[in-house]
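In: need a structure here:
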Amino acid sequence: MKRTSIFTVGQRPNTIHGYRIVLPSGSKLVRIEWRENRKRLTKSWEDSSDGRRLAKATANGVTRRLDSRDLVVPKRVQVGELFDQYTLSLTPDWRKATLKNARNNWRLFQETVSPTTFADLVAQRTLDEVRAALRARGIAPNQIRACVTRVLAVWSWARKRRILAENVLSDYENKLSKNGGPRDVPEYSPTEVAALMAQLSFRSSRAWRPWCVVQLASLLGPRQNALLNLEWRDVNLVSRTVRWRAELDKRGRERDQPLPREAVAAFRVAGVWRRRMRYDGRFVFPAVQARRGDQPWTYAAMSEQLKAAETRAGVPHVAFRGMHGFRRGAAKNVLVMTGGDLNKAGEWIGDTDLRTLKKSYLKSRPEELRQVANAMRMPAENTKSQQDWQPNGYQPTDLNASQSAMASE
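Out: Numbers count the residues shown, from 1 in each chain. Now for the predicted structure:
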């Protein structure tokens, strides 16, 4: 007898396996097998589309029956309480940045679903409503997907812990359509960076922070969280290096980065303002008003200053670009300086995922495509035949004139 595994449903110890069986006589069957009360039980159907459908439906019914028999739920759990238990069990293994991301994902979910809602009332339709509400608010598609992914992880964890009798979200499809996929956010081009810097001043008590941040972000390409939470113990102006701590890194890696001269100048400006403010805290960019003690300058404050500088400089505002636009620009600048060395570009900004660099970071610039267009030529024989075809006295400006006439009609 020959058998081939075709599906598995349920979770241990109530796992049910489905097989395709070929008997010695040549007959084909679909069979499910499971253990109950220490006995091996089976049930078979003819191997057909209907047989396979019935086999899987029966397996799901059996595993639900076994799970409900084994499950002991002392009380119904609310959504807020469920997340608290989830983070309590996993926090010892998480980095600070991971916990912060999890809470941000859950905050988006609870803006639609109240924390006092019983978890067993959350259905797949609930997630549809959450996604629709977040889209209506203009939340980025990748953030919506991260929110839903976190909810699915919490429900899966709760089912494994026997906190929930059933995970009704287990087969929810959390996909992004081609039209609603991650946004292709552009970089800040060197021209745009220069225009922004012209609108900021390191001599102003209000503008020195964004001036320093834009200069450092454009040169070094760090992530916004690492840059705004940078501490003076991480900066060494003697060796001209900065240390990006693992606790603030998205990938959990620590690295040292050498500083260009203009980056050193930005840190010296921050040092001058530290003395003027009589600030003795640890942050390079302290909050304007530290009402809750020693706190770093917030991303919301930086975003407000950046938008205002864009308006004054005539730089178009692109949704969701923000500080990440400088990171992408820095990677592209290194790629150009090194003659196309993708590894160096990734190493400079602390990202070793070459696939992400190619897909999301290293975009072609308009002037580069214009250079390609100017250099593009057809084979010589083809070019000669086109020249022979052109009427006597033809000038390229004739086409421009005709296009202008069409546009005015």
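In: skipping its backbone neighbours, what lies nearest R327 in space?
Out: In space, and not counting its chain neighbours, R327 is closest to G221: 4.5 Å by CB to CB, 6 or more residues apart in numbering. Backbone N, C-alpha and C define where each C-beta goes, glycine included.
In: surely R3 forms part of a helix?
Out: No. With DSSP: H, G, I helix; E, B strand; the rest coil as the criterion, R3 is assigned strand and is not in a helix.
In: host element of the residue lying closest to it once chain neighbours are set aside?
Out: Using CB to CB, 6+ apart and skipping the chain neighbours, the partner closest in space to R3 is Y19 (4.4 Å). Element membership for Y19 (DSSP states H and E) is strand 16-22.
In: partner strands of that strand and their direction?
Out: Next to strand 16-22 in the sheet, as set by DSSP bridges, lie strand 2-9 (antiparallel), strand 28-36 (antiparallel).
In: which stretch among the ones you listed comes nearest N225?
Out: With CB to CB as the criterion, N225 lies closest to strand 2-9 of these, at 40.3 Å.
In: contact partners of that closest one?
Out: The contact list for strand 2-9, computed with CB atoms under 8 Å, 6 or more residues apart in numbering, reads 15-22, 30-31, 52, 56, 59-60, 63.
In: quick check: mean pLDDT of that strand?
Out: In this model, strand 2-9 has an average pLDDT of 87.
In: please point out which parts of that strand sit buried.
Out: By 16 or more other CB atoms under 10 Å, the buried positions in strand 2-9 come out as I6, V9.
In: name all residues that make contact with A119.
Out: Contacts for A119 were tallied using CB under 8 Å, 6+ apart; they are R76, V77, Q78, V79, L82, W155, A158, L164.
In: filter those to the buried ones?
Out: V77, Q78, V79, L82, W155, A158, L164.
In: for those, work out which two are farthest apart.
Out: By the measure CB to CB, Q78 and W155 form the most distant pair in the buried ones among the contacts of A119, at 13.7 Å.
In: stretch 35-55 spans what distance, first to last residue?
Out: Length of stretch 35-55, first residue to last, CA to CA, to the nearest Å: 16 Å.
In: what residues does that stretch touch?
Out: 6, 13, 18, 20-21, 28-34, 58, 66.
In: filter those residues to the buried ones?
Out: Burial by neighbour count, 16+ other CB under 10 Å: within the contacts of stretch 35-55 this picks out I6, G18, R20, I21, L29, V30, R31, I32, E33, W34, T58, L66.
In: spatially nearest residue to the fifth one (excluding sequence neighbours)?
Out: When you say that, I think you mean L29. Leaving aside its chain neighbours, L29 sits nearest to I21 (4.3 Å; criterion: CB to CB, 6+ apart).
In: so what's the one you found bridging to?
Out: Beta-bridge partners, per DSSP bridges, of I21: R3, L29.
In: hang on, the earlier thing: which one of the contacts of strand 2-9 sits closest to T241?
Out: Checking the contacts of strand 2-9 against T241 with CB to CB, the nearest one is T15 at 53.3 Å.
In: verify the stated contact: that closest one with W34.
Out: Yes. Look at T15 against W34 with CB atoms under 8 Å: they come within range, at 7.2 Å.
In: can you check which residues contact both of the two?
Out: Residues within reach of T15 and of W34 at once, by CB under 8 Å, 6+ apart, are T63.
In: so where do the strands sit in this protein?
Out: For the chain, the strands defined by DSSP state E occupy 2-9, 16-22, 28-36, 39-46, 235-236, 241-244, 255-258.
In: closest one to F267 among those strands?
Out: Per CB to CB, nearest to F267 of these: strand 235-236, 5.6 Å.
In: for that closest one, which strands pair with it and how are they oriented?
Out: By DSSP bridges, strand 235-236 pairs with strand 241-244 (antiparallel).
In: just the buried residues of the partner strand, please?
Out: V242, W244.
In: ok, stretch 33-48 next?
Out: Buried-residue list, stretch 33-48, by 16+ other CB under 10 Å: E33, W34, W45, D47.
In: mind checking how far the third one is from T91?
Out: This points to W45. Per CB to CB, to the nearest Å, W45 is found 47 Å from T91.
In: how about the second one?
Out: For W34, the distance to T91 equals 36 Å [CB to CB].
In: ok, and the closest non-adjacent residue to M277?
Out: P286 (7.6 Å).
In: excluding chain neighbours, what is closest to A330?
Out: That would be G221: by CB to CB, 6+ apart, it lies 3.0 Å from A330.
In: so what's that neighbour up against?
Out: Contacts of G221 by CB under 8 Å, 6+ apart are F326, R327, R328, G329, A330, A331, V334, W348, I349, G350.
In: quick one: buried residues of the helix ranked longest in the chain?
Out: In the chain, assigned by DSSP state H, the helix with the most residues is helix 49-70. Across helix 49-70, burial judged by 16+ other CB under 10 Å covers G51, R52, L54, A55, K56, T58, A59, V62, T63, L66, D67.
In: coming back round to it: out of the strands paired with strand 16-22, which comes closest to T116?
Out: T116 lies closest to strand 2-9 among those, at 32.7 Å (CB to CB).
In: closest to the centroid, which residue in this structure?
Out: N142 (5.6 Å; CA atoms, centre = their mean).
In: for F202, see how far away that residue is.
Out: In terms of CB to CB, N142 sits 34 Å off from F202.
In: pLDDT value on the residue nearest to R327, please?
Out: Confidence score, pLDDT, at G221: 89.
In: got it, and P182?
Out: Looking at P182, its pLDDT reads 51.
In: quickly list what Q78 is bridged to.
Out: With DSSP bridges as the criterion, Q78 is bridged to F118.
In: quick one, what contacts it?
Out: P115, T116, T117, F118, A119.
In: show me the beta-bridge partners of E33.
Out: H17, T42.
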